[in-house]
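Novice: okay, sequence plus prediction incoming.
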4 protein chains.
Amino acid sequence: MTERPDTYVDARMRVRYAETDQMGVAYYSNYLVWFEVGRTEYCRARGFAYSDLEEDNETFLPVVEANCRYLKPLLYDREFVVRTRVKTFRRRFLAFTYEVFSADLETLHAEGETKHVFTGPDGRPKSLPEEFHRFLQ
Amino acid sequence: MTERPDTYVDARMRVRYAETDQMGVAYYSNYLVWFEVGRTEYCRARGFAYSDLEEDNETFLPVVEANCRYLKPLLYDREFVVRTRVKTFRRRFLAFTYEVFSADLETLHAEGETKHVFTGPDGRPKSLPEEFHRFLQ
Amino acid sequence: MTERPDTYVDARMRVRYAETDQMGVAYYSNYLVWFEVGRTEYCRARGFAYSDLEEDNETFLPVVEANCRYLKPLLYDREFVVRTRVKTFRRRFLAFTYEVFSADLETLHAEGETKHVFTGPDGRPKSLPEEFHRFLQ
Amino acid sequence: MTERPDTYVDARMRVRYAETDQMGVAYYSNYLVWFEVGRTEYCRARGFAYSDLEEDNETFLPVVEANCRYLKPLLYDREFVVRTRVKTFRRRFLAFTYEVFSADLETLHAEGETKHVFTGPDGRPKSLPEEFHRFLQ
């Protein structure tokens, strides 16, 4: 059985010169930045802007845990794809998984996961407003 | 006539691996980050925290212009000094200059300038609260 | 007389969450990173990859001067365009100008310039290999 | 039984404005940058420079896995301590753990781990040169 195509969202990017280090490859913390771009595009593809969640609903999504496994370095100017999925969605908790593929989707360069809670602007946990539930289920 | 020693403030840092690029030197945008560390340390040495300006006085200091001349690259783990001065201070305007020296102060690696206006949280120009004037004069 | 359309190259991006700061806008050093993306896309649109210049011709293009004027802040997730032009091209020197526009090209958010020299891997000045001249003229 | 004081190395830093995001706290990928500063200072305190490992011994230490748990946000200009330990050291493998404390060491803000292999400049695994073993044991 194949995966339903709508369970992931792909974001395409290129490695910036700023993101390389003197080892000649993309520096490891940038993958977490790319994961965040993946999350943003995931939300957009699901029909809402994460920025609206913050601005209109005073709901934030801080990261409580992140991890990444680095399988094959990415070089400057290489196009790549961040494939983002929701792994777990509960009223107060959200987990995403990510795969970083080469542009042709043949090579897996890295994979990772982030865990989040929903909070108010004061940083205290809250539930995701009901109107957003349908986007993440 | 020598410069009065209190006209500048020095901040010491080391080049982080994250700040290098595949050319093997510190990537050029990082100098602007270091300038900002220089500004922060300038304020602290003058007796106030820039964070207090933002938090307690709702006064922000966005950059309206920045420039940097790159004279000699900085390598990973090299210690360096950012020497910060106030060039111009007016009620609604502030300009800093920066020199980036080697740790022994013998070599000038870069020099630059940033220009700022004071604004409220809405981004509109305002005057610097009187109580801060003495710190910058 | 209108500008010939081929004198500039546009690169579209969105402001990443990582690029915002606590003032709620894109942090000022990121514009230099975006300028670099503009340069990379300029080269690609002209028919060559900057990475080939480095890898196959051992020619590098370090920045010797950069400046940026910040006119209107860019917010998280906002799409924008970096419009890149070659201002000056000589055998050993290259200058680019940049304009950062809103996605609809109606608002100018920032403008800047970078100056570069061509060097070998040892950092010493050299001339751009002849075969690349036609791309930049 | 208390831990031998030499089993960890502390690196003190402050949160840079560049490292904050529009949530008003340090952006999550920066912790991985701070871990790297922790590794660099760990090596220095043990008697060798990581840069020498790269330059003189053509030995690199790419990250193969990283994770971080975020317990309490860090704010702009807050001083903090990255406490770094070697968790596992084998001829071809190295794992570090990190704790990010408040300046007074009272509050744990984050904790994480990175796993590394030793490679040559070609990216192929190799053993750490013997002369460095004593530094990490």
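Specialist: Thanks, I have it. Numbering: from 1, shown residues only, chains lettered A, B, ... in the order given.

Novice: mind listing what's buried in the lowest-mean-pLDDT helix or strand in chain A?
Specialist: For chain A, using mean pLDDT, DSSP states H and E, the weakest element among its helices and strands is helix A:133-136, scoring a mean of 86. By neighbour count with 16 or more other CB atoms under 10 Å in any protein chain shown, helix A:133-136 contains the buried residues residue A:135. Placement of C-beta: from N, CA and C, glycine included.

Novice: who touches that helix?
Specialist: A:43, A:46, A:47, A:48, A:86, A:89, A:94, A:128 (CB atoms under 8 Å, 6 or more residues apart in numbering or on different chains).

Novice: which ones are touching the fourth one?
Specialist: Residues near residue A:48 by CB under 8 Å, 6+ apart: A:132, A:135.

Novice: quick check: which ranges of chain A have low pLDDT?
Specialist: A:1-6 (pLDDT under 70).

Novice: which residues in chain A form helices?
Specialist: Taking DSSP state H to define them, one finds helices in chain A at A:30-46, A:50-57, A:133-136.

Novice: out of those helices, deepest packed?
Specialist: Mean neighbour count (mean count of other CB atoms under 10 Å in any protein chain shown) peaks for helix A:30-46 among the helices of chain A, with a mean of 22.

Novice: so residue A:59 sits right up against residue A:123, yeah?
Specialist: No - counting by CB atoms under 8 Å, residue A:59 sits too far from residue A:123 to count as a contact (11.9 Å).

Novice: up against chain B, what does chain A have?
Specialist: Residues of chain A found near chain B (CB under 8 Å from any CB of the partner chain) are A:17, A:18, A:20, A:21, A:22, A:23, A:24, A:25, A:27, A:29, A:76.

Novice: tally of neighbours for residue A:88?
Specialist: Counted with other CB atoms under 10 Å in any protein chain shown, the neighbours of residue A:88 add up to 12.

Novice: and for the one 3 residues further on?
Specialist: Neighbour count for residue A:91, taken as other CB under 10 Å: 11.

Novice: near chain D, which residues of chain A are found?
Specialist: Applying CB under 8 Å from any CB, we find that chain A lies next to chain D at A:22-23, A:25, A:28-30, A:32-33, A:36, A:54, A:60, A:62-70, A:73, A:123.

Novice: how about 6 Å then?
Specialist: Counting by CB under 6 Å from any CB of the partner chain, the residues of chain A close to chain D are A:23, A:28-29, A:32-33, A:60, A:63-70.

Novice: in PyMOL, select just the buried ones from the residues you listed.
Specialist: This is how PyMOL selects the buried members of those, with burial counted by 16+ other CB under 10 Å:
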select buried, chain A and resi 23+28+29+32+33+60+63+64+65+66+67+68+69+70
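
Novice: closest to residue B:132 out of the residues of chain A next to chain D?
Specialist: residue A:60 (30.9 Å; CB to CB).

Novice: list the beta-bridge partners for the closest residue in space to the closest one that isn't next to it in sequence.
Specialist: Nearest non-adjacent residue to residue A:60, counting by CB to CB, 6 or more residues apart in numbering or on different chains: residue A:119, 5.0 Å away. In this entry, residue A:119 is beta-bridged to residue A:60, residue A:125, by DSSP bridges.

Novice: quick one: contacts for residue A:119?
Specialist: Listed by CB atoms under 6 Å, 6 or more residues apart in numbering or on different chains, the contact set of residue A:119 reads A:60, A:62, A:125.

Novice: same check, this time on residue A:76
Specialist: Contact analysis of residue A:76 by CB under 6 Å, 6+ apart lists A:15, A:17, A:20, B:22, C:51.

Novice: mind doing that once more with 8 Å?
Specialist: Contact analysis of residue A:76 by CB under 8 Å, 6+ apart lists A:15, A:16, A:17, A:19, A:20, A:24, A:26, B:22, C:51.

Novice: which ones among the contacts of helix A:133-136 map onto strands?
Specialist: A:86, A:89, A:94 (DSSP state E).

Novice: list buried residues within those.
Specialist: Looking at the ones in strands among the contacts of helix A:133-136 with 16+ other CB under 10 Å, the buried ones turn out to be A:86, A:94.

Novice: closest one of the ones in strands among the contacts of helix A:133-136 to residue D:101?
Specialist: Among the ones in strands among the contacts of helix A:133-136, and counting by CB to CB, the member closest to residue D:101 is residue A:94, at 27.7 Å.

Novice: what's near enough to touch that closest one?
Specialist: By CB under 8 Å, 6+ apart, residue A:94 lies in contact with A:61, A:86, A:88, A:115, A:116, A:117, A:118, A:128, A:136.

Novice: and the two most separated of the contacts of residue A:76?
Specialist: A:16 and A:24 (14.0 Å).

Novice: circling back: now the residues of chain A next to chain B as a markdown table including distance to residue B:81?
Specialist: Formatted as a markdown table, those follow (distance: CB to CB, whole Å):
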| residue | distance to residue B:81 |
| --- | --- |
| A:17 | 26 |
| A:18 | 24 |
| A:20 | 26 |
| A:21 | 23 |
| A:22 | 22 |
| A:23 | 27 |
| A:24 | 29 |
| A:25 | 30 |
| A:27 | 25 |
| A:29 | 25 |
| A:76 | 30 |
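
Novice: quick one: buried ones out of these?
Specialist: For the residues of chain A next to chain B, a burial check counting by 16+ other CB under 10 Å picks out A:17, A:18, A:20, A:21, A:22, A:23, A:24, A:25, A:27, A:29, A:76.

Novice: against residue B:115, how distant is the nearest residue to residue A:43 once chain neighbours are set aside?
Specialist: Closest residue to residue A:43 apart from its sequence neighbours, by CB to CB, 6+ apart: residue A:50 at 4.5 Å. Relative to residue B:115, residue A:50 is positioned 33 Å away (CB to CB, to the nearest Å).

Novice: from the contacts of residue A:94, pick the one nearest residue A:7.
Specialist: residue A:86 (8.2 Å).

Novice: quick revisit: can you list the ones in strands among the contacts of helix A:133-136 in CSV and add distance to residue C:108?
Specialist: Formatted as CSV, the ones in strands among the contacts of helix A:133-136 follow (distance: CB to CB, whole Å):
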residue, distance to residue C:108
A:86, 38
A:89, 41
A:94, 37
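
Novice: of the ones in strands among the contacts of helix A:133-136, which is the nearest to chain C?
Specialist: residue A:94 (15.2 Å; CB to the nearest CB).

Novice: how near is the residue lying farthest from the centre of chain A to residue C:61?
Specialist: Distance from the C-alpha centroid of chain A, by CA atoms, centre = their mean, peaks at residue A:22 (26.1 Å). Distance, residue A:22 to residue C:61, by CB to CB: 17 Å.

Novice: same question for residue A:114.
Specialist: In terms of CB to CB, residue A:114 sits 36 Å off from residue C:61.

Novice: comparing these two, which residue is more hemmed in?
Specialist: residue A:114 (26 against 20).

Novice: the more buried one - nearest residue in space that isn't next to it in sequence?
Specialist: Leaving out its chain neighbours, the residue that sits closest to residue A:114 by CB to CB, 6+ apart is residue A:66, at 4.7 Å.

Novice: beta partners of the one you found?
Specialist: Beta-bridge partners, per DSSP bridges, of residue A:66: residue A:114, residue D:68.

Novice: correct me, but it touches residue A:98?
Specialist: No - taking contacts as CB under 8 Å, residue A:66 lies outside contact range of residue A:98: 9.9 Å.

Novice: now the common contact residues for these two.
Specialist: Common neighbours of residue A:66 and residue A:98, using CB under 8 Å, 6+ apart, are A:35, A:112, A:113, A:114.

Novice: just give me the closest of these to residue A:81.
Specialist: So of those, ranked by how close each gets to residue A:81 (CB to CB), first place is residue A:35, at 12.5 Å.

Novice: residues contacting residue A:23?
Specialist: Per CB under 8 Å, 6+ apart, neighbours of residue A:23: A:73, B:22, D:60, D:62.
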